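Student: Output the structure for:
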Amino acid sequence: MNIAFIGLGKFGQAIASLVEENGLTYDYAEVAESRLLSQSADIIFLTVPTQFMRQAITDNKQYIDDDTIIVNCSKGIEEGSHLMVHQIVRSLGRYPNYYSLIGPSFAEGIVDREPTVVSLGYKNEAHVATIQAMLQTPYLKVQPSRGYRSLELSSALKNLYAITCGYAQGLGFGPNTRARLINMALDEFHTLAKAMHFADYDLLAPGVVGDLVLTCSSEQSRNFQYGLSLASGNGNNNDPGQKTVEGYYTSHSINTIAKNHGAKLPLAELTSQIITGKIDGPEAFRSFLASC
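Tutor: Predicted coordinates:
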C-alpha cells in the first residue's frame, strides 16, 4: 500500500513517526518546499495547515484517485470560503473514502511516546481498521467515532476558544475563569452542531472534550500563546505571524457561519472582539462575561 503525507510539518512528522513505528514507509508532498508526491497514493494523510489545504490538494490531484483513502489531520476553517477541510476536499472531487483524525495531541507528546488517544471520524467504516493498523502503537490509541463533520467543527472552535483562554490567563484570570470558558465553549459547540444538523456529534469523544480541554489549558498551544500575546500587548491583531494559529483565521468565519445557521455564539463573538482589539483589558473582559 502506497502511503503519503501532504504536509510534513511538526504534526505531520509526528503522525509519520507512528507509520514508521509500525514498519511502514511513506512519500510526502510539502507546499513550502514545492515538493509534489512521486506516485499515486492508496492512503493520504492531510497535515498541511487548512489555509494551504486547497492549494496542496490541487497541486497533487494527479496522484489522488477516486478510491484513495483520505485522512484529514488538520483543523480550521478556510478564509473567504468559510469551509472546513471535509468541505474543501469535497469541492475538489468525490473522494468517498474520507476520514478525520482529531484529538487531544501535541506533536511533541506523540514523538515522546506519551500515552495519547485520538478520535477517527468516519462515515464509511470500511477502512477504519486499516487506518488503525497504520497508526496505533502501545502509546497511541485511535478511537473510532461515527461522523467527521462534528469533529472538524469542534477542532476549529477549540482553536478559537484557546485564544480566549490564553487571553484570560494573560489578564491574570485563573482556573475558575478558564473552567467557565471551557463550559461555555462546549455549550456553543453543541448549539452550532445542532443548528448545522450534525446529528452524529459526541461531546465525550476525545476529539471534542479532550481536545478542547488540552488546547484551552496549555501554553504549548499556539492559539493559547497568541491569546497570551494579545493580553500582554505584544500580539498583532492583524496578523498572528504564522498560518498555524488556526483560531485567528477561524475567527474570520465563525460568526458568519453561526449567523447563516441562526445560532448565537457569544463566546465566539467575544473572541473575535479580542482579536480585533474591541475588547481590551480585564474590566471589558469581565463585563462581557457578566452579560452572558
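
Student: wait, what's in contact with Ile163?
Tutor: Neighbouring residues of Ile163 by C-beta atoms under 8 Å, 6 or more residues apart in numbering: Asn223, Phe224, Tyr226, Gly227, Leu230, Gly247, Tyr248, Ser251, Thr271, Ile274, Ile275. To be clear about C-beta, it is placed using only N, CA and C from the backbone, and glycine gets the same treatment.

Student: Type out the PyMOL command that picks the buried ones from the residues you listed.
Tutor: A single PyMOL command is used to select the members of the contacts of Ile163 judged buried by 16 or more other C-beta atoms under 10 Å:
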select buried, resi 223+224+226+227+230+247+248+251+271+274+275
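
Student: Can you add secondary structure and pLDDT and give the contacts of Ile163 back as JSON lines?
Tutor: As requested, the contacts of Ile163 are exported to JSON lines (DSSP: H, G, I helix; E, B strand; the rest coil; pLDDT from 0 to 100):
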{"residue": "Asn223", "secondary structure": "helix", "pLDDT": "96"}
{"residue": "Phe224", "secondary structure": "helix", "pLDDT": "97"}
{"residue": "Tyr226", "secondary structure": "helix", "pLDDT": "95"}
{"residue": "Gly227", "secondary structure": "helix", "pLDDT": "96"}
{"residue": "Leu230", "secondary structure": "helix", "pLDDT": "95"}
{"residue": "Gly247", "secondary structure": "helix", "pLDDT": "95"}
{"residue": "Tyr248", "secondary structure": "helix", "pLDDT": "94"}
{"residue": "Ser251", "secondary structure": "coil", "pLDDT": "94"}
{"residue": "Thr271", "secondary structure": "helix", "pLDDT": "95"}
{"residue": "Ile274", "secondary structure": "helix", "pLDDT": "94"}
{"residue": "Ile275", "secondary structure": "helix", "pLDDT": "94"}
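
Student: Which two of the contacts of Ile163 have the greatest separation?
Tutor: Within the contacts of Ile163, Phe224 and Ser251 form the most distant pair, 14.4 Å apart (C-beta to C-beta).

Student: Could I get the average pLDDT for stretch 96-107?
Tutor: Across stretch 96-107, the average pLDDT comes to 97.

Student: In contact with the spatially most central residue of the chain, which residues?
Tutor: With distances taken as C-alpha atoms, centre = their mean, Lys75 lies nearest the centre of the chain, 2.2 Å away. With contacts defined as C-beta under 8 Å, 6+ apart, Lys75 is in contact with Thr50, Val85, Ile102, Glu152, Ser155, Ala156, Lys158, Asn159, Glu246.

Student: If we use 7 Å, what do you get?
Tutor: Residues near Lys75 by C-beta atoms under 7 Å, 6 or more residues apart in numbering: Thr50, Ile102, Ser155, Ala156, Asn159, Glu246.

Student: can you check Ala263 too?
Tutor: Per C-beta under 7 Å, 6+ apart, neighbours of Ala263: Thr191, Leu192, Ala195.

Student: what kind of secondary structure is Ile69 in?
Tutor: strand (DSSP: H, G, I helix; E, B strand; the rest coil).

Student: In terms of helix, strand or coil, where does the residue nearest to it when sequence neighbours are not counted fall?
Tutor: Nearest residue to Ile69, sequence neighbours excluded (C-beta to C-beta, 6 or more residues apart in numbering): Ile43, at 4.1 Å. Classification of Ile43 by three-state DSSP places it in strand.

Student: Would you mind confirming that Ile43 is in contact with Ile6?
Tutor: No - applying C-beta atoms under 7 Å as the test, Ile43 and Ile6 come out as separate, 11.3 Å apart.

Student: between the two, which one's more packed in?
Tutor: Ile6 (30 against 21; other C-beta atoms under 10 Å).

Student: give me the beta-bridge partners of the more buried one?
Tutor: Beta bridges link Ile6 to Ala29, Leu46, judged by DSSP bridges.

Student: can you pull out the helices in the stretch 51-200 of the chain?
Tutor: 85-92, 107-111, 128-135, 149-170, 175-195 (DSSP state H, counting those that start in this stretch).

Student: Tell me who's in contact with the residue lying closest to Asp59 once chain neighbours are set aside.
Tutor: Spatial nearest neighbour of Asp59, excluding adjacent residues (C-beta to C-beta, 6+ apart): Leu36 at 6.1 Å. By C-beta under 7 Å, 6+ apart, the contact set of Leu36 is Ala29, Asp59, Asn60.

Student: Phi first, then psi, for Leu36.
Tutor: phi -100, psi 160 (degrees, to the nearest 10).

Student: Tell me the pLDDT of it.
Tutor: pLDDT, read off for Leu36, is 96.

Student: where's it relative to Val89, distance?
Tutor: 18 Å (C-beta to C-beta, to the nearest Å).
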